[in-house]
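Enquirer: next input, structure requested:
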Amino acid sequence: EIGIRRAIGAKRKQIIIQFLIEAMVLSFVGGILGLAMGVAIPFFITWFAKMPTVITPMGILLPLCVSLGIGIVFGLYPAARAARVDPIVALRHE
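Expert: Here you go, the predicted structure:
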């Protein structure tokens, strides 16, 4: 995929952006799933324990921001490495 995109004229910046967007989407979806479980489990437990559960907006926003940040931080190196690949070498391995 990288070799084909580079061969038809994609710039390194475009490859980096593509990889970062993919990493951010994956980490954001993981954050949403984790947040859903993190909200559902306390409500389930409090249903049995008869105790109130308080979920603040910051308790929702912070995990989503952290998951996006993790996607960016851990997506930068693979994105930069993929952007440096020579198109001929990348096409040879496909």
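Enquirer: residue 30 is in what secondary structure piece?
Expert: helix 12-49 (DSSP states H and E).
Enquirer: and that helix, how far out from the chain middle?
Expert: 8 Å (CA atoms, centre = their mean, to the nearest Å).
Enquirer: any idea of the mean pLDDT in the very next helix or strand once past that helix?
Expert: Downstream of helix 12-49, the first helix or strand assigned by DSSP H and E is helix 57-83. Throughout helix 57-83, pLDDT has a mean value of 91.
Enquirer: how far off helix 12-49 does helix 57-83 point, in degrees?
Expert: 150 degrees (axes from the mean of the first three to the mean of the last three CA atoms, to 10 degrees).
Enquirer: ok, and for helix 57-83, which residues are buried?
Expert: 67-68, 70-71, 75, 79, 82-83 (16 or more other CB atoms under 10 Å). In this view, the C-beta of every residue, glycine as well, is placed from N, C-alpha and C.
Enquirer: equivalent analysis for stretch 8-25, please.
Expert: Under 16+ other CB under 10 Å, the buried positions of stretch 8-25 are 10, 15-16, 18-20, 23-24.
Enquirer: pick out the lowest-pLDDT one from these.
Expert: Scoring the buried residues of stretch 8-25 by pLDDT puts residue 10 last, at 85.
Enquirer: for that residue, grab phi and psi.
Expert: For residue 10, the backbone dihedrals (degrees, to the nearest 10) come out as phi -70, psi 140.
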